[in-house]
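1. Please work out how this folds:
(4 chains)
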Protein chains: 2
Amino acid sequence: MSQRDFVSADEVARRAGVSRSAVSRAFTPGASVSDTTRQKVLQAAEELGYQVNHLARGLMRNESGIVCLIVSDVATPYRSTLLRELTLQLQLAGKVAMLINTDRSDGSVNRALEQAIRYRADASVILSGLPDKSITELCLRSGQRLVLINRDEDQSGAFHINLDDREAAGRVVTAFVRAGCSRLAFANSEAGTPSLMAREAGFIAAAKEQGLDVIVERHGSTGYEAGRVVAQRLLTRKERPDAVFCATDLLACGLMDAARHQFSLSIPQQLCIVGFDDIEQASWSSYRLTTFAQPIGAIAREAVAWLSQGGVADGRSLTLQADLIWRDSVRGG
Amino acid sequence: MSQRDFVSADEVARRAGVSRSAVSRAFTPGASVSDTTRQKVLQAAEELGYQVNHLARGLMRNESGIVCLIVSDVATPYRSTLLRELTLQLQLAGKVAMLINTDRSDGSVNRALEQAIRYRADASVILSGLPDKSITELCLRSGQRLVLINRDEDQSGAFHINLDDREAAGRVVTAFVRAGCSRLAFANSEAGTPSLMAREAGFIAAAKEQGLDVIVERHGSTGYEAGRVVAQRLLTRKERPDAVFCATDLLACGLMDAARHQFSLSIPQQLCIVGFDDIEQASWSSYRLTTFAQPIGAIAREAVAWLSQGGVADGRSLTLQADLIWRDSVRGG
DNA sequence: GCAGCATTTGCACACGCTTGCAAAAAGCGC
DNA sequence: GCGCTTTTTGCAAGCGTGTGCAAATGCTGC
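-> Predicted structure coming up:
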C-alpha cells in the first residue's frame, strides 16, 4: 500500500488553537460548542481539507451510516431504477449505500450479509435472493436492520415490502375478458421468486373464477430472451392463446417482438399482452405496453424511512398496490 | 439507535482459550499462527457468529477495502451494466463498492469525493461528471487512488480509461459512404461530455475528409426522448438526412422509433442509423441496431487491476477500441 | 465586587482491531 | 539432557474518533 496520509482532528485542533474534543464537537450537530470556536474549527478544517474519519466515528458511535444493498441483475431496467431511488433516498437521509452484487452462485446472499456485518452496516436491504434464516437472525441479533423487497418469506423482525401481486393479476384477467379474449396464457421465468409465483397463481385463480383455463410457460431467467423462447412455445400451439400476461416487462418485450416479427401477429388485434414493472422500454413507441407500474419511489421512501428511524424498529409488513398503466397492447383500454 | 451488540474478538479469544492477538492473526492471511490455534479460533468464531470489524481493521491498517463508485444516471442501460461489471470485479479483488449517486445538482461530484475521503476509501472511480481539481488533488494527496472512465480531462496522478471515439466516428463515415449515403447527420444531447463531443468532432472531421457536411442536432439529456426530439428536427428538414450517427444507443432508439412510427421511414432502406454503447436493447429485434460495443468487461478489469495493485500507482492513460457490431440499421453490412 | 448559575472546554478513557517486540515454546542435532 | 535456531504467543501501544465528567469560563443581578 502506498503511504496514506489523511489529515486528522489533531492537526485541525492545533491549527485552530483548541483542543481535539472541540474539533470533534464542531462536527457533531447539537454538541456543546460556542459559535466562535466552531467557526475557528470549521475554517481550519477547510484550510487543511479535513474530513471526519467515518471509520473511527462509526467505531465509537457504533453506527456506521452504511446501508448494504444486496442485489443481483443490477443491469436490469427495473433493478437499476430501484437502485437509483434507494441510493438517492439513503443519501437524503444521511446514509451511504454499499452495493453488493450477488450475481455469482447462490450462497452469495449469505456472504453478502456477512460482508454487511463486517462493515457494521446499520441496515441491509435485500432485493434479490433469500438469505438463510441463521444468518438473518445473526443480523437482527446484532441490531442490524433488515428490509426485504418483494421476497415475502416471513423473517420476523425484518421489514417486508411487497406488492399486491394477486390483486394485480386479478385485474389482468378482467381486462383480458373485457377485451374479448378467452385463451389465456401466462409467461414466466424459471426463477421461482415469490412475487413471480404470486402473479402466476393469482392469474390462474382469477381466471378459474371466470371459468377460464391458463396455459403456463416458464423458461430461463427473467429476461428478453426468455420472452422470445416462451413466445415460440405459446404461439406454435394448435390453440394459439389470444392473451398473455407476462411476469415482467422484459419477458413481455421479448414475447411481443417474437409475436410481431416472427409470427406476424398484430398487437393488440390478434394478441393482447400485459407486462409487469413498467420499465422505461415499456413506454417506447415500439412497445406501448400495458403494464403495472411498481411504486418504486414509495418503496424506496418507505424502506429508508423505516431503517433510519431511531429507537427500536420492530419488524412489520407493508403491501403496496401496483398501478395499471394502460397503453396499446390490450384492446379497449 | 437501538442497542447494537456485535460479538468481538475478545469473546472469541475467551471461548477459544487464546489471546486476542491470536484471534486477530487467525483472520489475517499470512500471519504467524500455528495451525492448531487458528483452527480453535475459527471454530469459536463460527460458533459465535463472529465477523471481523472492518471499520476497526480499516482504521488500523489504513486501508478500508472500500472503493467508491461515483455515478449519475444509474438506471441507464449502459451505466448499470458498467456498474455490474465493476462491482463484480471489485468483489473478486476483495474490495467492496460504495455507490454514490450524483443525480442531484452538480457540485455533487465534489461532495461524493468528500464522502469517499470520510470513509477512507482506497480509491474512487468516477463514471459521471467532473470533479474540481482542488478536490481531486486532495484525494491524491491523501493517497487515495482515482480512476476516471470516459472523462478525458487530464488529472495527473489518476488513471484515465477512454475509448477511441474519434477512430470509431471515422469508421461510421466509411460505413455510411459505402452504403451510398450522402446527407449525414449527427444526433447528440446537450450534455457536452468529453466523449460525446469527441464522437461529434470525429464524425464531422472524417466526413469533411470525404467532402461531406454534417448536420448536427443536440437536445436535452442523453436518452430516448431526446432521440425523438432530434428526429423531429432532422426528419422535417427539406433536405432530409439519409444517415444519422447517434452519440448513444438510447438516442438511436428514440430516433429510430420516431423515424419508423411517425415518419414511416424504413430502416435501413431510407435511413441508416448507427449508435454507440451496444446496450441490450440495441440487439432487440425491434431495433437490430448497428452500433459500437464498449469493452465494458475490459474497462472494469483494467480499473480494478490498477486500483488494487500494491505499491505506488502512478497516473496513466489507457485508450481502448470500441468494436463495431454490424446489425441491420445500415445498408450493406 | 461577589455569589449563583449556565455554558464551554479539556482531560482521559473507550471503541475493536493490528502489529512490533520480547518472552515462551517448540524443534533439532548432538 | 543441552545449546541453538525457528516458530508461536501474549503484552501493550496505537489507529482517529466520541463523550462523561469535572474544571474553567462567561453571564446575570445585586
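2. Identify the residues contacting the residue lying closest to residue A:262 once chain neighbours are set aside.
-> Once its chain neighbours are removed from consideration, residue A:262 has its nearest residue in residue A:231; the separation is 7.4 Å (Cβ to Cβ, 6 or more residues apart in numbering or on different chains). Every C-beta, even on glycine, is put in place using the N, C-alpha and C of the backbone. When the contact criterion is Cβ atoms under 8 Å, 6 or more residues apart in numbering or on different chains, the partners of residue A:231 are A:187, A:254, A:255, A:258, A:259, A:262, A:263.
3. try it again with 6 Å
-> Residues near residue A:231 by Cβ atoms under 6 Å, 6 or more residues apart in numbering or on different chains: A:255, A:258, A:259.
4. starting at the chain centroid, how far to the helix or strand encompassing it?
-> Counting by DSSP states H and E, the element that carries residue A:231 is helix A:224-235. The chain centroid and the centroid of helix A:224-235 are separated by 25 Å, computed with Cα atoms, centre = their mean, to the nearest Å.
5. so who does residue A:292 touch?
-> Taking Cβ under 6 Å, 6+ apart as the test, what residue A:292 contacts is A:168, A:276, A:322, A:324.
6. ah, wrong one, I meant residue A:127
-> Contact analysis of residue A:127 by Cβ under 6 Å, 6+ apart lists A:71, A:149.
7. For residue A:110, see how far away it is.
-> Here the distance between residue A:127 and residue A:110 works out to 15 Å (Cβ to Cβ, to the nearest Å).
8. if we can go back for a sec, any chance of JSON lines for the contacts of residue A:292, columns secondary structure and pLDDT?
-> Formatted as JSON lines, the entries for the contacts of residue A:292 read as follows, by DSSP: H, G, I helix; E, B strand; the rest coil; pLDDT from 0 to 100:
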{"residue": "A:168", "secondary structure": "helix", "pLDDT": "97"}
{"residue": "A:276", "secondary structure": "strand", "pLDDT": "98"}
{"residue": "A:322", "secondary structure": "coil", "pLDDT": "97"}
{"residue": "A:324", "secondary structure": "strand", "pLDDT": "97"}
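9. of those, closest to chain B?
-> Sorting these by distance to chain B puts residue A:276 at the head of the list, at 17.5 Å, by Cβ to the nearest Cβ.
10. need the contact list for the closest one.
-> Applying Cβ under 6 Å, 6+ apart to residue A:276 gives the contacts A:248, A:291, A:292.
11. before we move on, what about residue A:59?
-> Residues in contact with residue A:59, defined by Cβ under 6 Å, 6+ apart, are B:55, B:56.
12. Name the residues linked to residue A:163 by a beta bridge.
-> residue A:320 (DSSP bridges).
13. That one - how many residues pack around it?
-> Look at residue A:163: counted by other Cβ atoms under 10 Å in any protein chain shown, it has 22 neighbours.
14. How about stretch A:129-149 and chain B, any contact?
-> Yes. Residues of stretch A:129-149 contacting chain B under Cβ under 6 Å from any Cβ of the partner chain: A:138, A:142, A:143.
15. Might you enumerate the residues of chain A proximal to chain B?
-> For chain A, the residues in contact with chain B (Cβ under 6 Å from any Cβ) are A:1-4, A:6, A:49, A:51-52, A:54-56, A:58-59, A:62-63, A:74-75, A:80-81, A:83-84, A:87-88, A:97-99, A:101, A:114, A:117-120, A:138, A:142-143, A:257, A:261, A:285-286, A:312.
16. Residue A:12 versus the residue in chain A positioned nearest to DNA strand C, what's the distance?
-> Using Cβ to the nearest atom of the strand, the closest approach of chain A to DNA strand C is made by residue A:19 at 3.2 Å. Using Cβ to Cβ, one gets 11 Å for the distance from residue A:19 to residue A:12.
17. Please say which of these two ends up with more neighbours.
-> residue A:12 (28 against 14).
18. Check which helices and strands the helix or strand that one falls within is in contact with.
-> Secondary structure assignment for residue A:12, by DSSP H and E: helix A:9-16. The criterion is 3 or more Cβ pairs under 6 Å, 6 or more residues apart in numbering or on different chains; DSSP states H and E, and the helices and strands that helix A:9-16 contacts are helix A:20-26, helix A:35-48.
19. So which of these is the most surrounded?
-> Comparing the helices and strands packed on helix A:9-16 by mean neighbour count (mean count of other Cβ atoms under 10 Å in any protein chain shown), helix A:20-26 comes out on top with a mean of 19.
20. Is there proximity between it and DNA strand D?
-> Yes. With Cβ under 7 Å from any atom of the strand as the measure, helix A:20-26 is seen reaching DNA strand D through A:20, A:21, A:23, A:24, A:25.
21. next one: stretch A:99-106 to chain centre, how far?
-> Averaging C-alpha coordinates over stretch A:99-106 and over its chain gives two centres that are 14 Å apart (Cα atoms, centre = their mean).
22. got the buried residues for it?
-> Using 16 or more other Cβ atoms under 10 Å in any protein chain shown as the test for burial, stretch A:99-106 gives A:99, A:100, A:101, A:102, A:103.
23. Got the phi and psi for residue A:191?
-> For residue A:191, the backbone dihedrals (degrees, to the nearest 10) come out as phi -60, psi -40.
24. wait, isn't it in contact with residue A:220?
-> No. In this structure, residue A:191 is not within contact of residue A:220 by Cβ atoms under 6 Å, at 8.6 Å.
25. List the contacts of residue A:72.
-> The neighbourhood of residue A:72, defined by Cβ under 6 Å, 6+ apart, consists of A:102, A:103, A:128.
26. Would you agree the first one is in contact with residue A:113?
-> By that I understand residue A:102. No. Counting by Cβ under 6 Å, no contact exists between residue A:102 and residue A:113, whose distance comes to 10.0 Å.
27. So what sits opposite residue A:68 in the bridge?
-> Residues in beta-bridge contact with residue A:68 (DSSP bridges): residue A:98, residue A:124.
28. hang on, isn't it packed against residue A:116?
-> Yes. With contact taken as Cβ under 6 Å, residue A:68 and residue A:116 are classed as touching, separated by 3.9 Å.
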